[in-house]
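Undergrad: model this:
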Amino acid sequence: MKKDDFRCPGQNTMFWKPDDIYDVTCPNCGRQVEFWKDDARRTCVCGHRFMNPRRDLGCLEWCKYAEKCMPEMFTGENLQALYRDRLLAAVKITLKPDEQRLQKTSEAVDLAEEILAGEGGEAKVVIAGTILRDLLAAAGGGNSTPEGISREDVHRTAVKVLSEVNTEDEVVEQVSDILQSPVLPEESASVSLKVVLDALYITELRRKRALLEETTLRRLIDKKILTDTGKQVAKEWLLKYR
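TA: All right, here's what the predicted structure looks like:
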């Protein structure tokens, strides 16, 4: 018997539908890349590796036996993607962002994970810090910091959302610090904070790219981006097709 013969119907590929395998446009070169619905990431022939925007884990999202049923989905890159998906679902319920805002936040997390891969940092801290900082900023009226929201409310919201996805206490504390950090941190700031700030700033620049001269973009990248990997990612996303 095949491995799938022992798997519950929710994860048995015999029960998949034709549209559970689909093509996604590479954001770097525009080619089509085939994804299976439970893929976390795939690499395009151009070398760009990116997230599956339509990832669907079905019963793995809620079943208490999920880790025993499919242990390979709870390690490494798959575990990171699973945490991201669960957190995005939790903030959608708690903070109720509109779809346009949620799309922007998802783009920021894509960038954060790309910078994280080259720069280092704590994956959960970076993912949660990027998602919550961006959405709380929107709720508070600011662009990249939760202006108009008290420190107590920021911490309370972070604890509430992160506890819903079983986030460790030490991660919650680090994320809370990130949410309350200034846009221009001290040189000694953590790598995780710098990755989050870079991802959010690059996301803002992507929205304004068409309005800015190339020389202005280069100056902002050199001056405002905090990490070396962040500078490389920014140049790839902001300057490559100008």
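Undergrad: Please list all residues in contact with the residue nearest the centre of the chain.
TA: Central residue of the chain (Cα atoms, centre = their mean): Val109, 2.4 Å from the mean position. Contact analysis of Val109 by Cβ atoms under 8 Å, 6 or more residues apart in numbering lists Met51, Arg84, Leu88, Ile127, Thr130, Ile131, Ala199. Where you see a C-beta, it was placed from the backbone N, CA and C, and this is true even at glycine.
Undergrad: Next: His48.
TA: Cys26, Pro27, Asn28, Cys29.
Undergrad: Quick check: the farthest pair among those residues?
TA: Pro27 and Cys29 (8.4 Å; Cβ to Cβ).
Undergrad: Surely Lys96 is within a helix?
TA: No: read with DSSP: H, G, I helix; E, B strand; the rest coil, Lys96 is coil and lies in no helix.
Undergrad: List phi and psi for it.
TA: Per-residue torsions, Lys96: phi 50, psi 50 (degrees, to the nearest 10).
Undergrad: what number of residues lie near Arg101?
TA: 15 (other Cβ atoms under 10 Å).
Undergrad: Show me how far the longest helix along the chain is from its chain's centre.
TA: When the chain is parsed with DSSP state H, its longest helix is helix 99-119. Distance, stretch centre to chain centre, for helix 99-119: 4 Å (Cα atoms, centre = their mean, to the nearest Å).
Undergrad: Repeat that for stretch 153-165.
TA: 17 Å.
Undergrad: Give me the average confidence score over it.
TA: Averaged over stretch 153-165, pLDDT sits at 85.
Undergrad: gap between Ser190 and Asp177?
TA: Counting by Cβ to Cβ, to the nearest Å, the separation of Ser190 from Asp177 is 8 Å.
Undergrad: remind me which residues of this structure are low pLDDT?
TA: 1-12, 57-58, 60-62, 64, 66-67, 70-76, 138-151, 240-242 (pLDDT under 70).
Undergrad: Please enumerate the helices of it.
TA: Assigned by DSSP H, the chain shows helices spanning 66-69, 76-94, 99-119, 123-140, 151-164, 169-179, 191-208, 214-224, 228-239.
Undergrad: hmm, back to that, next, the buried residues of the longest helix of the chain.
TA: 102, 104-116, 119 (16 or more other Cβ atoms under 10 Å).
Undergrad: Same question for stretch 213-233.
TA: Leu217, Leu220, Ile221, Lys224, Ile225, Leu226, Thr227, Thr229, Gly230, Lys231, Gln232, Val233.
Undergrad: my read: the second one touches Leu205, true?
TA: If I follow you right, that is Leu220. Yes: between Leu220 and Leu205 there is a contact under Cβ atoms under 8 Å: 6.6 Å.
Undergrad: shared neighbours of the two, which are they?
TA: Going by Cβ under 8 Å, 6+ apart, residues that sit against Leu220 and also against Leu205 are Leu212.
Undergrad: hmm, back to that, can the contacts of His48 go into CSV with extra columns for neighbour count and distance to Asp153?
TA: Shown next, in CSV, are the contacts of His48 (neighbours: other Cβ atoms under 10 Å; distance: Cβ to Cβ, whole Å):
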residue, neighbour count, distance to Asp153
Cys26, 19, 39
Pro27, 14, 34
Asn28, 16, 38
Cys29, 14, 43
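Undergrad: give the contact list for Ser163.
TA: Taking Cβ under 8 Å, 6+ apart, we find Ser163 in contact with Val172.
Undergrad: re earlier: just put the buried residues of stretch 213-233 in CSV and tack on distance to Leu239.
TA: Formatted as CSV, the buried residues of stretch 213-233 follow (distance: Cβ to Cβ, whole Å):
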residue, distance to Leu239
Leu217, 6
Leu220, 11
Ile221, 8
Lys224, 15
Ile225, 12
Leu226, 18
Thr227, 17
Thr229, 16
Gly230, 14
Lys231, 11
Gln232, 11
Val233, 11
